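> I would like the atomic coordinates for the input below:
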Amino acid sequence: LKPCPLHIGIIPAGSTDCVCHATGGVTDPVTSALHIIIGDSQPLDVCSVHYGSGLVRYSVSLVGYGFYGDVLAESEKHRWMGPLRYDYSGALVYLSNRSYSGTVQYLPADPLLSSP
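From the prediction side, this is the model:
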């Protein structure tokens, strides 16, 4: 595993905008775009997800595999329910009692650059 030198610009467009709020303190798309334009930056933990030898995607804030992925997939079928769809879908997936397997690898944080 190697650290990624990629710079990411974040413009809020989701239901919670948690990444944008946590990194820049704003949830407004225009203000976020201005932060990108002026080159504002904030260190952020980023996770890369690989399958086989290929990169599937990068993730910040939350990586969900198995249960969480199934809840999100199920919740898309019930968007008409609004935010309640997450509780409903979570209950359905929980009651299905599926099991999941996977492997996790990580790079330890540099103690000189990270906070506790």
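> just give me the neighbour total for Trp35.
Not quite, residue 35 is His, not Trp. The number of residues packed around His35, counting by other Cβ atoms under 10 Å, is 20. (Glycine included, C-beta is placed from N, CA and C.)
> did I read that right, it in a helix?
Yes - with DSSP: H, G, I helix; E, B strand; the rest coil as the criterion, His35 is part of a helix.
> surely it is in contact with Gly25?
No - in this structure, His35 is not within contact of Gly25 by Cβ atoms under 8 Å, at 9.6 Å.
> any regions of this structure where pLDDT drops low?
1-4, 15-16, 61-64, 113-116 (pLDDT under 70).
> secondary structure element for the residue lying closest to Ser41 once chain neighbours are set aside?
With Cβ to Cβ, 6 or more residues apart in numbering as the criterion, Ser41 has its nearest non-adjacent residue at 6.9 Å, and that residue is His7. Using DSSP states H and E, His7 sits within no helix or strand.
> ok, now how distant is Leu44 from Lys77?
Using Cβ to Cβ, to the nearest Å, Leu44 is found at 31 Å from Lys77.
> also Leu55?
From Leu55 to Lys77 the distance is 28 Å (Cβ to Cβ).
> ditto for Arg85
As for Arg85, its distance to Lys77 is 8 Å (criterion: Cβ to Cβ).
> and the two? which has more neighbours close in?
Each of Arg85 and Lys77 has its neighbours counted (other Cβ under 10 Å); Arg85 has more, 18 against 11.
> quick check: closest non-adjacent residue to that one.
Spatial nearest neighbour of Arg85, excluding adjacent residues (Cβ to Cβ, 6+ apart): His78 at 4.1 Å.
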